[in-house]
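*Asks:* Output the structure for:
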Amino acid sequence: MAPSIEGVFEEAALGLLEAMTPSMPEEVVVGTGEWRVHLHERDGDTGNDVLLLAWLDEVLFRAQHDHRWLIEVSLSLHTDEHGRSVRAAVSYVDGRTIRRSVEIKAVTSHSMMLNFVEPGEHMPGIEGAVPELIGPAWCADVLLDV
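*Replies:* Numbering: from 1, shown residues only. Got it, this is the predicted structure:
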């Protein structure tokens, strides 16, 4: 949940990695960079939900294959004549230094939800897990394959 769609993308990325219950070493070296994801219109759907899925796939790939474990992110969404993209300024640590209690294999599109909650609209929470949301806000629900 976040007040902006960009915030939902940021929170979803951090939540994806947090779902692995990481254990960070006390001292880490922090790297920075820019990560991008682009969806071309010629290849199909470029909607917000598909873009979110592509972004989360990128975050998971970077953590597992490039050993870049995301710790901070500030991103923006862009649209041009070719499609839509995410541009993210990121801070990360070496993923090989992170112990995980669960390994996520993939982010799935099954039952994925990305919605704008209108001003004054109530979205019920899940007791003990998710608070009630009162719009205006964005929210996402993503199923992970473990």
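
*Asks:* What values do phi and psi take at Pro136?
*Replies:* Reported as degrees, to the nearest 10, the phi and psi values for Pro136 are phi -90, psi 140.

*Asks:* what's the answer for Val50, then?
*Replies:* phi -70, psi -40.

*Asks:* so what's it up against?
*Replies:* Val50 makes contact with Leu39, Gly44, Ser109, according to C-beta atoms under 8 Å, 6 or more residues apart in numbering. C-beta: built from backbone N, CA, C; applies to glycine.

*Asks:* excluding its backbone neighbours, what's nearest the second one?
*Replies:* Using C-beta to C-beta, 6 or more residues apart in numbering and skipping the chain neighbours, the partner closest in space to Gly44 is Val50 (7.8 Å).

*Asks:* The last one now?
*Replies:* Setting aside the residues directly before and after it, Ser109 is nearest to Leu53 in space (C-beta to C-beta, 6+ apart), at 5.6 Å.

*Asks:* How about the contacts made by the one you found?
*Replies:* Val107, Ser109, Met112, Val142.

*Asks:* Then it would be within a strand, right?
*Replies:* No. Applying DSSP: H, G, I helix; E, B strand; the rest coil, one finds Leu53 to be helix, outside a strand.

*Asks:* mind checking pLDDT for the residue lying closest to Asp94 once chain neighbours are set aside?
*Replies:* Counting by C-beta to C-beta, 6+ apart, Asp94 lies nearest to His67, which is 5.6 Å off, once chain neighbours are set aside. Per-residue confidence (pLDDT) for His67: 97.

*Asks:* switch to numbering from 38
*Replies:* I'll keep to 38 as the first residue from here, and by that count the last item is His104.

*Asks:* wait, doesn't His104 sit right on Phe98?
*Replies:* No. Assessed by C-beta atoms under 8 Å, His104 is found out of contact with Phe98, at 10.9 Å.

*Asks:* Tell me the helices and strands packed up against the helix or strand hosting Glu48.
*Replies:* Assigned by DSSP states H and E, Glu48 belongs to helix 42-55. Using 3 or more C-beta pairs under 8 Å, 6 or more residues apart in numbering; DSSP states H and E, the elements in contact with helix 42-55 are helix 85-101, strand 105-117, strand 143-154, strand 174-182.

*Asks:* Thank you kindly, that will do.
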